[in-house]
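*Asks:* Sharing a sequence plus its predicted fold:
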Amino acid sequence: MADRATAVAAWEALFRAQVSIMRGLSAEFPTELMSLNEYDVLFNISRAPGRRLRLKDLNRHVLISQPSVSRLVDRLVTRGFLEKTDDPLDGRGTIVQLTPKGFEEFRRAALHHVHAITERVGTALDDDELRELIVLCDRLRLAQDARHRASSPGLRNGRA
């Protein structure tokens, strides 16, 4: 186990870097196309098989709260970016799917966003450092996922 002071200092450095980068990315985000939260929802759905995802699963991946996600999804449906259908495997669940229009608008925003990310992150670290950052961040995330699963009785018993 790492030294407590070192762990706290590393967290503080990671947190401050993330806040600083996110502030810059937010300022440069093409809000005339969509909000950063809308982009986050579309991004997560775009990565799912068939560009469709259960609303319950979407809630686990986005950066905003569950009630906010539901309202945001409804706005994206109204704009024609998403479609909602009942989950055929769970009548209580909902599937959200990117429409062709939604995917096109997502791609337009993504081109701007990827450029901004490359400028902010790719100019500060070289390729080897970026690869190491990916490894370290993935290890942190997987460790948190494992802790969450171990502390959730429903997940320990194979229920989600």
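*Replies:* Received the coordinates, thanks. In this text the structure is predicted, and so the values were computed from the model without any measurement.
*Asks:* where in this protein is pLDDT low?
*Replies:* 153-160 (pLDDT under 70).
*Asks:* all helices for it, in order.
*Replies:* 4-28, 36-46, 55-61, 66-78, 100-121, 127-151, 153-156 (DSSP state H).
*Asks:* Next up, the contacts around the residue nearest to Thr94 when sequence neighbours are not counted.
*Replies:* Closest residue in space to Thr94, ignoring its immediate chain neighbours: Leu55 at 4.3 Å, by CB to CB, 6 or more residues apart in numbering. All C-beta spots, glycine's among them, are computed from the backbone N, C-alpha and C. Counting by CB atoms under 8 Å, 6 or more residues apart in numbering, Leu55 touches 69-70, 73, 84, 93-96.
*Asks:* which residues sit in contact with Glu83?
*Replies:* Taking CB under 8 Å, 6+ apart as the test, what Glu83 contacts is 77, 96-97, 99.
*Asks:* which residues does it bridge with?
*Replies:* Gln97 (DSSP bridges).
*Asks:* now it: how far from Glu104?
*Replies:* According to CB to CB, to the nearest Å, Glu83 and Glu104 sit 15 Å apart.
*Asks:* Show the contacting residues for Ile64.
*Replies:* Counting by CB under 8 Å, 6+ apart, Ile64 has contacts 37, 40, 72.
*Asks:* how far away is the spatially most central residue of the chain from Arg108?
*Replies:* Of all residues in the chain, the one closest to the mean position by CA atoms, centre = their mean is Val62, 4.4 Å from it. Distance, Val62 to Arg108, using CB to CB: 20 Å.
*Asks:* got it, and Arg141?
*Replies:* For Arg141, the distance to Arg108 - CB to CB - is 28 Å.
*Asks:* Those two - which one has more neighbours?
*Replies:* Arg108 (13 against 10; other CB atoms under 10 Å).
*Asks:* coming back round to it: mind giving me the PyMOL command for buried ones among the contacts of Leu55?
*Replies:* In PyMOL syntax, the buried subset of the contacts of Leu55 is picked out as below (16 or more other CB atoms under 10 Å):
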select buried, resi 69+73+94+95+96
